[in-house]
Structures are given as C-alpha cells and as structure tokens.
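Enquirer: when you get a sec, could you give me coordinates for this:
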Amino acid sequence: HQSEDVVGPLGVKFWISLGLPIGTVINCAGNTEAKNLYIISVKGIKGWLNRLSAAGVGDMVMATVKKGTPELRKKVD
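Expert: Below you'll find the model as predicted:
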C-alpha cells in the first residue's frame, strides 16, 4: 500500500498556555489614560460547553476600561 502524503506546514507546533481567561482584569501597558482592562471575549476562539475561553500571548481580545478617564470607561473597544 502507498504512504499518505503530508499536507500542510511541516515542523513542530508548540503549545502555548492560555493564562488570561474571560473576566480577568489586567493592567494596561499603553500610553493611554486607561489603567485596568477587563477582558470580555477572545477573538478566534470557538469554545466548548461549560469552559471559559482564554487568551494567551499574541491573542486579540475585546476589553473594557475599568479604571481610567471617564471618556474611555463604559465603552467596548
């Protein structure tokens, strides 16, 4: 019998731990007036039943400002 062809990128895919679940309050490192950010959702995560989706290094998240200037608070960015 013939061996199967390998399709897709070759090499090792490393597993990155997801350390920022939904509901986490993190410090903002930018030069804006925002101090604390609250993670609402993670882009590109489909999820499982009864499991909180989480973000890792390089993931894009939706967040709101919990502590900062009034112009930045109470908005989803």
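Enquirer: report how many residues lie close to residue 75.
Expert: Using other Cβ atoms under 10 Å, residue 75 has 8 neighbouring residues. (C-beta placed from N, C-alpha, C; glycine too.)
Enquirer: that one and residue 42, how far apart?
Expert: As judged by Cβ to Cβ, to the nearest Å, residue 75 and residue 42 stand 19 Å apart.
Enquirer: how about the residue positioned nearest the centre of the chain, what does it touch?
Expert: With the centre of the chain defined as its mean C-alpha position, the nearest residue by Cα atoms, centre = their mean is residue 55, 3.1 Å away. Counting by Cβ atoms under 8 Å, 6 or more residues apart in numbering, residue 55 makes contact with 18, 19, 20, 21, 39, 42, 45, 61.
Enquirer: quick check: it vs residue 30, distance?
Expert: 17 Å.
Enquirer: what's in contact with stretch 38-51?
Expert: Contacts for stretch 38-51 (Cβ under 8 Å, 6+ apart): 20-26, 53-55, 59-66, 76.
Enquirer: pull the contacting residues for residue 53.
Expert: 21, 22, 41, 42, 45, 47.
Enquirer: show me the contacts of stretch 38-51 that map onto strands.
Expert: 20, 21, 25, 26, 54, 55, 61, 62, 63, 64, 65, 66 (DSSP state E).
Enquirer: of these, buried ones?
Expert: Buried by 16 or more other Cβ atoms under 10 Å: 20, 54, 55, 61, 63, 64, 65, 66, out of the ones in strands among the contacts of stretch 38-51.
Enquirer: looking at these, spot the one nearest residue 34.
Expert: When those are compared for distance to residue 34 (Cβ to Cβ), residue 65 comes out closest, at 4.5 Å.
Enquirer: surely the closest one meets residue 30?
Expert: No - Residue 65 is beyond contact range of residue 30, at 11.0 Å (criterion: Cβ atoms under 8 Å).
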